[in-house]
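Undergrad: please find the sequence and the predicted model below.
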Amino acid sequence: MTEELTRSYIQSLLPKRVATDHKGSFGHLLVLAGARGYIGAPLLCSQAAARSGAGLVTLGIPYALGDIIDTRVLEVMTLRLSCTDKESFALEARGQALAAATIRDAVVLGPGITTHPETCEFVYAIATACNKPMVLDADALNALSRSKSTLQERITPTVLTPHPGEMARLLNTTTEKVQAKREKSAQSLASQCGHVVVLKGHHTLIATPQGKLWKNTTGNHGMATGGAGDVLSGIIGGLLAQGMAPKSAACLGVYIHGVAGDFAAQEKSARGMIASDLIEALPQAWNSLESEV
């Protein structure tokens with residue numbers, strides 16, 4: 001049976017904070033994202049994580065993007081990793097990335113990384129060897145759709161955040177069939193891979209390998225815009241870094257992402273929204289939940 005995400009349930013998931021907490025209390029997230037032509041994805045993802053309560057965020061990027069990215073971030077640290085001649089992650093970067101992950105609390109992998117063959121090998125290496133909680137999104141999912149055994153063998157807490165097209169590739173079906181049976185699709189992938197699945201779209205679904213299924217009711221059509229998914233993966237990653245379990249991080253992340261979208265639509269109009277508007281609206285969204293707890 002599908003349950004709706006209720007406000008009271010979401011409020012019960014909010015991580016507790018006390019006056020003596022410091023930035024080290026709220027986790028350190030590593031975001032592995034970006035490639036030539038896709039600098040927006042890492043910026044949106046890492047900034048959304050910072051706006052979601054993570055104490056520290058490090059953005060790992062292909063080396064060639066460093067000068068561009070460094071001029072656009074303030075609160076996020078950057079880490080330059082080896083890159084291919086197409087300015088995407090090289091397989092050689094796996095050691096650097098895994099070393100960085102060992103001193104972080106969670107990882108987001110995939111936004112804007114492309115499916116360059118060597119970058120896909122990088123994805124397989126990180127997904128296989130990294131033992132930190134992880135969000136797998138975007139091109140990481142496209143790479144893993146060609147190596148499903150990697151997903152099945154991964155035992156560390158993981159959240160997959162596919163849109164319908166990515167879900168279709170993971171299930172070897174069509175986008176139309178996924179959309180026709182969204183609940184069944186989400187449950188099927190969660191069961192097959194053993195991880196929490198977030199199927200994005202109208203009434204985003206969260207499915208667990210144990211058969212639980214939730215439907216979100218926040219958000220609006222203005223969120224159907226490039227980069228909104230990168231914001232969501234950053235939010236969920238930030239919550240994982242704070243120590244939340246995958247199911248709770250996914251439910252809270254999806255819900256607050258929609259609340260931010262609703263505030264942004266009121267301020268900007270749904271038709272005129274862009275993904276960065278969601279990040280700007282996150283503080284208001286968090287406040288709307290915390291003021292009633």
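TA: Received, thanks.

Undergrad: bridged to M77, which residues?
TA: Note on M77: beta-bridge partners by DSSP bridges are T58.

Undergrad: do I have it right that it meets G55?
TA: No: using C-beta atoms under 8 Å, M77 makes no contact with G55, being 11.8 Å away. For the C-beta atoms, the positions are set from N, CA and C on the backbone; glycine is no exception.

Undergrad: of those two, give the one with the bigger neighbour count.
TA: G55 (18 against 14; other C-beta atoms under 10 Å).

Undergrad: ok, now how distant is that one from F26?
TA: According to C-beta to C-beta, to the nearest Å, G55 and F26 sit 3 Å apart.

Undergrad: can you check P157 too?
TA: 18 Å.

Undergrad: over to L59?
TA: 17 Å.

Undergrad: which one of these two has more residues nearby?
TA: L59 (27 against 20).

Undergrad: in contact with V123, which residues?
TA: L109, G110, I113, D139, A140, A143, L144 (C-beta atoms under 8 Å, 6 or more residues apart in numbering).

Undergrad: 10 Å instead, please
TA: 32, 89, 91, 94, 109-110, 113, 115, 136, 139-144, 146-147, 150 (C-beta atoms under 10 Å, 6 or more residues apart in numbering).

Undergrad: so G243 makes contact with F26?
TA: Yes: applying C-beta atoms under 10 Å, one finds G243 in contact with F26, separated by 8.8 Å.

Undergrad: overlap of the contact sets of those two?
TA: With C-beta under 10 Å, 6+ apart as the test, G243 and F26 both reach P15, D105.

Undergrad: circling back: overlap in contacts of G55 and F26?
TA: Common neighbours of G55 and F26 (C-beta under 10 Å, 6+ apart) are D105, G238, A241, Q242.

Undergrad: could you dump those residues to CSV with distance to P42 and secondary structure?
TA: Below are the shared contacts of G55 and F26 laid out as CSV (distance: C-beta to C-beta, whole Å; DSSP: H, G, I helix; E, B strand; the rest coil):
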residue, distance to P42, secondary structure
D105, 19, coil
G238, 14, helix
A241, 16, helix
Q242, 20, coil
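
Undergrad: name the element L141 belongs to?
TA: Here L141 sits within helix 139-144, counting by DSSP states H and E.

Undergrad: again, but for R94
TA: Per DSSP H and E: helix 94-102 holds R94.

Undergrad: counting neighbours, which bits of that helix end up buried?
TA: Neighbour-count burial for helix 94-102 flags R94, Q96, A97, L98, A100, A101 (criterion: 16 or more other C-beta atoms under 10 Å).

Undergrad: just give the closest residue to T2, not the sequence neighbours.
TA: L213 (4.7 Å; C-beta to C-beta, 6 or more residues apart in numbering).

Undergrad: contact partners for the one you found?
TA: 1-3, 182-184, 186-187, 190, 197, 199, 205-207.

Undergrad: and it, how far is that from P246?
TA: Counting by C-beta to C-beta - L213 and P246 are separated by 14 Å.

Undergrad: quick one on the thing from earlier: now, which of the shared contacts of G55 and F26 sits nearest G226?
TA: G238 (20.7 Å; C-beta to C-beta).

Undergrad: show me what contacts that closest one?
TA: G238 touches 26-27, 29, 31, 45-46, 48-55, 57, 106, 108, 135, 244, 249, 253, 282, counting by C-beta under 10 Å, 6+ apart.

Undergrad: if we go to 7 Å?
TA: The contact partners of G238, by C-beta atoms under 7 Å, 6 or more residues apart in numbering, come to L29, A49, S52, G53, A54.

Undergrad: can I get the contacts of L213 in JSON lines including secondary structure?
TA: Shown next, in JSON lines, are the contacts of L213 (DSSP: H, G, I helix; E, B strand; the rest coil):
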{"residue": "M1", "secondary structure": "coil"}
{"residue": "T2", "secondary structure": "strand"}
{"residue": "E3", "secondary structure": "strand"}
{"residue": "R182", "secondary structure": "helix"}
{"residue": "E183", "secondary structure": "helix"}
{"residue": "K184", "secondary structure": "helix"}
{"residue": "A186", "secondary structure": "helix"}
{"residue": "Q187", "secondary structure": "helix"}
{"residue": "A190", "secondary structure": "helix"}
{"residue": "V197", "secondary structure": "strand"}
{"residue": "L199", "secondary structure": "strand"}
{"residue": "L205", "secondary structure": "strand"}
{"residue": "I206", "secondary structure": "strand"}
{"residue": "A207", "secondary structure": "strand"}
